[in-house]
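>>> Just a sequence and a predicted model for now, questions to come.
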Amino acid sequence: MIRFHVAMQWLASQRVLAVPLAFGLALSVTALLAVEPAGAAEGPLVVNTSRAPPTLDPVAVCDITDHGFISSLYVALLAYEDKPIDSAPSGIAATQEDTTKFKGDLAKSWNVSADGTKLTFNLTPGVKFPSGRPVDAAAVAASLTRAWKSGKCGTYFFEAAQYGNTQSIEAVDDLTVVITLARAEPLVMHALTQPNLAIVDVKLVEEMGGDEWLASHVAGFGPYLLEDYQPGVRAKFVRNPTYFGKPALEAEVIVNFIADNATLLLQARNRKAHVTLGLQKSSVASLADQEGLEVIAVKSSRWQLIGLPNEIAPFDNVKFREALTYAVPYQQILDKVAFGFAQIYYGPFPPAFPSYNAELGQPRDFDLDRARALIKESGVTLPVATDMVIREGEFAHDQIATIVQSTWRELGVNVTIQKLPASGYQEAIYTETKQSTLIRIDGPSVTDPGWLFDYDLRCASFFNTSDYCNPAAEALLDEAHPLLDESQRQVYWDKIAKMWVADSPRIPVYADIYTAIVSDDVKVWHYQQDGPFDLHRWSR
């Protein structure tokens, strides 16, 4: 009998149903790839996942779930310490990031000046790229400069959204890199733990043709090397024999991308994978009595949201947006989509997030009469038509979109669902002006309110997926940034949260409980906010 564990005690009071799915869908071609059955420790660790990354270029990866895929292929300057997942199944040494404590990765030591404007990193000596080139200060400075100047997510991460704050990146000798800022920004240290700012062999990238080549290849020196990659189909990771740190726990890992939930579930049930990620929560619940499997569940700083294009009529009307927040059957979605692996709330922060204020985060009711009254008050003429963009391989998106489509039709809001592959989805949600509603699993790579608001609140942010703009709230964010005292910062987060709730810029559908299915021979597992995909930290 599976031992069913969850991260927080409150989840035990939720209604979790074990409902077998009908297997009416045909097996995908991907699922028919030859995969070694689980159970033989001498074979590869097999991971099945629902989502394929749109790119392998660290500076171009933007989605929280995609970041983790590259984390075992690269090395950053810093990393987070670990802490145990107390609720993990017995027999599994399960850990997660402790984002309050740093440790060195490539950097063996570091120093921050008293005024916070100069960050000095002393590198581990003798490290080389697979190309044979030294991973010295010049190579690190070149890689960080590439991210800084990329104009992509790498720029956001390196600047911690404080654009223009970085003054220089210098290699002052062979093993010392100095980053100089115009003003102190503690979030830069957090950013330097992220795979987006991992160190790339820039000269190799240039020799191989540039960014286009790196989109489907790797130029890192992490615990794993990418031996084979078929985008959207399969990836093969092999232990890096020259890695300078603790070796990867498994010699070889096979990752299969399976965008069909029925196939993903069938392979998990038949133990064709050691780790299964991205299953529908109903499928996770249906495995509750499956012999030989375990469920790991972690209360996370992630959430499912419905983004509203705030600059496009009629979504530029605050009463109309507010109406839609009362037209989502939250409990139905919690029961039939999340199967209890979630919590309903409203506001900019989910319950697991630092600075969440329960009083300000009370959920909104499902109330169609109130929604109709607010639409009437808004003056918006019905019917209204909108596209709703969802991502292939995010099974919850399909379910949420279908439920919302049916409900909003009763109000005269007609939704056309557009399912896009990873690359098309990323392009759609990061257009300069958002034209459609969208469903997104979100959560900041750095679990700090300042980091979240920097990309999700600022009017000019390319990564503000709802084009939400409140200059007064943004001014409060600027005042909060230099503060170090958490009680002082909380005053600002609460003020901003009140403005956010009044503006109804988007719809948080639920706070997510992250779930992974592992075979009972898996003994070591690690969760990170990005991904999780620390493949070198998983083993039998």
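Structure's in. What do you need? Numbers count the residues shown, from 1 in each chain.
>>> Model confidence score at D174, please.
On pLDDT, D174 comes in at 98.
>>> What sits closest to it if chain neighbours are left out?
Nearest non-adjacent residue to D174, counting by C-beta to C-beta, 6 or more residues apart in numbering: D136, 5.1 Å away. For the C-beta atoms, the positions are set from N, CA and C on the backbone; glycine is no exception.
>>> Check D520 too.
Per C-beta to C-beta, 6+ apart, closest to D520 is G292, 5.2 Å.
>>> what does the domain assignment say about this protein?
101-197, 301-513 (automatic domain parsing).
>>> and the end-to-end length of the last one?
Distance between the two ends of domain 301-513: 9 Å, counting by C-alpha to C-alpha, to the nearest Å.
>>> now swap in stretch 146-160 and tell me
15 Å.
>>> So which bits of that stretch are buried?
Buried residues in stretch 146-160, counted by 16 or more other C-beta atoms under 10 Å: 146-148, 150, 152-160.
>>> and of those residues, the nearest to F257?
C153 (21.2 Å; C-beta to C-beta).
>>> Give me the phi and psi angles of the closest residue to P421 other than its chain neighbours.
In this structure, P421 finds its nearest non-sequential neighbour in E392, 5.0 Å apart by C-beta to C-beta, 6+ apart. Note on E392: backbone dihedrals following degrees, to the nearest 10 are phi -60, psi 130.
>>> Next up, phi/psi of the residue nearest in space to the middle of the chain, please.
Using C-alpha atoms, centre = their mean, the residue of the chain that lies closest to the mean C-alpha position is I64, 1.9 Å off. Main-chain dihedrals, I64, degrees, to the nearest 10: phi -60, psi -30.
>>> Work out for me the element L204 sits within.
helix 202-207 (DSSP states H and E).
>>> distance between that helix and the chain's centre?
28 Å (C-alpha atoms, centre = their mean, to the nearest Å).
>>> So which residues make contact with it?
For helix 202-207, contacts defined as C-beta atoms under 8 Å, 6 or more residues apart in numbering pick out F129, S131, R133, A139, A142, S143, R146, D211, W213, L214, A219.
>>> Contacts only, for the nearest residue to the last one once chain neighbours are set aside.
On the basis of C-beta to C-beta, 6+ apart, the spatially nearest residue to A219 that is not a chain neighbour turns out to be D201, at 4.2 Å. Shown here is D201, whose contacts under the criterion C-beta under 8 Å, 6+ apart are F129, P130, S131, R133, A139, S143, A219, G220, F221.
>>> For those residues, give me CSV that also has neighbour count.
Converted to CSV, the contacts of D201 look like this (neighbours: other C-beta atoms under 10 Å):
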residue, neighbour count
F129, 19
P130, 16
S131, 11
R133, 15
A139, 23
S143, 27
A219, 26
G220, 27
F221, 27
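>>> from those, which single one is nearest L535?
So of the contacts of D201, ranked by how close each gets to L535 (C-beta to C-beta), first place is G220, at 13.2 Å.
>>> Report pLDDT for the closest one.
We note a pLDDT of 98 for G220 in this prediction.
>>> Repeat that for G24.
So G24 comes in at 30 (pLDDT).
>>> all helices for the stretch 101-250 of the chain, in order.
Using DSSP state H, counting those that start in this stretch, the helices assigned to the stretch 101-250 of the chain run over residues 137-148, 153-159, 187-191, 202-207, 211-214.
>>> contacts for the third one?
Residues lying outside helix 187-191 but in contact with it, judged by C-beta under 8 Å, 6+ apart, are 78, 99, 102, 112, 119, 157-158, 160-162, 179, 181, 197, 446, 448, 450-451, 454.
>>> Can you flag which of those residues belong to strands?
L78, T99, F102, V112, L119, I179, L181 (DSSP state E).
>>> Surely the first one and K108 touch.
No: taking C-beta atoms under 8 Å as the definition, L78 is not a contact partner of K108, at 10.9 Å.
>>> Which of these two has more residues huddled nearby?
Neighbour count, other C-beta atoms under 10 Å: between L78 and K108, L78 has more, with 19 against 12.
>>> Tell me the spacing between the more buried one and N261.
Distance of L78 to N261, computed by C-beta to C-beta, to the nearest Å: 37 Å.
>>> now A60
Using C-beta to C-beta, A60 is found at 28 Å from N261.
>>> quick revisit: nearest to T49, out of the contacts of D201: which one, please.
G220 (20.0 Å).
>>> Leaving out the residues flanking it, which one is nearest to P195?
Nearest one to P195, counting by C-beta to C-beta, 6+ apart, is S71 at 4.4 Å.
>>> can you pull the pLDDT of that neighbour?
On pLDDT, S71 comes in at 93.
>>> So it sits against R537, correct?
No: when contacts are counted by C-beta under 8 Å, S71 is not listed as touching R537 (9.4 Å).
>>> Comparing these two, which residue is more hemmed in?
S71 (28 against 22).
>>> For stretch 226-241, buried residues please.
Counting neighbours by 16+ other C-beta under 10 Å, one finds that the buried residues in stretch 226-241 are L226, Y229, P231, G232, R234, A235, K236, F237, V238, R239, N240.
>>> Could you tell me the phi and psi values at the last one?
So that's N240. phi -80, psi 110.
>>> And it, how close does it get to R269?
Using C-beta to C-beta, N240 is found at 33 Å from R269.
>>> same question, the fifth one
Using C-beta to C-beta, one gets 21 Å for the distance from R234 to R269.
>>> Restricting to C-alpha, output the lowest-mean-pLDDT helix or strand in the chain in CSV.
The weakest-scoring helix or strand in the chain, judged by mean pLDDT, DSSP states H and E, is helix 64-67 (a mean of 82). Extracted in CSV, the C-alpha atoms of helix 64-67 (Å, rounded to 0.1, in the frame of the first residue of the first chain):
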residue,chain,number,x,y,z
ILE,A,64,9.5,28.5,-13.3
THR,A,65,9.1,24.9,-14.3
ASP,A,66,11.5,25.1,-17.2
HIS,A,67,14.4,26.6,-15.2
